[in-house]
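In: show me the folded form of this:
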Amino acid sequence: MPQSGLKPAARLAVLLQRFARSVLLGAALIAVSLLAGMAGYHYLEGLPWLDAFSNAAMILSGMGPLAQPQTPGGKVFAGLYALYSGRAVVLITGITFAPLIHAFLYRLHLETKDDEPEA
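Out: Now for the predicted structure:
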């Protein structure tokens, strides 16, 4: 199995640094998604910012809205935001945990047909 040439402590430090970056990126994507949802609920439905936050957070987390949309624009926004949120959660989870999964697969080092010696 090929080794990276780094000592275990150095490999751990690199892994933790990569994981920290991916957690920060995931948190930034959550913040942007939450702000977009808040803006939509505030401007399209006229909800106060706190209620807009609560609705956007509930949809982004998969729980569903607290206040039912009343305007046609709000209803379209709520539907599109719910569809986006379902995909965003999967994407953000993948981005956040990618370094850990990569490290696990590297340690496992699954062999493929390309790795087999030629006969």
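
In: thought residue 42 was touching residue 52?
Out: Yes. Between residue 42 and residue 52 there is a contact under CB atoms under 8 Å: 4.3 Å. For every residue, glycine as well, the C-beta is placed using N, CA and C.

In: low-scoring stretches of this structure, by residue?
Out: 1-6, 110-119 (pLDDT under 70).

In: tell me which residues touch the most centrally placed residue in it, please.
Out: Centroid-nearest residue in the chain: residue 92, 1.0 Å away (criterion: CA atoms, centre = their mean). Residues near residue 92 by CB atoms under 8 Å, 6 or more residues apart in numbering: 26, 29-30, 33.

In: need the helices for the chain, in chain order.
Out: Using DSSP state H, the helices found in the chain span residues 8-45, 49-60, 72-108.

In: deepest-packed of those helices, please.
Out: Stretch with highest mean neighbour count among the helices of the chain: helix 49-60 (a mean of 18; mean count of other CB atoms under 10 Å).

In: show me how far it is from its chain's centre.
Out: Between the centre of helix 49-60 and the centre of its chain there are 18 Å (CA atoms, centre = their mean, to the nearest Å).

In: name the helices or strands packed onto that helix?
Out: Helices and strands touching helix 49-60, by 3 or more CB pairs under 8 Å, 6 or more residues apart in numbering; DSSP states H and E, are helix 8-45, helix 72-108.
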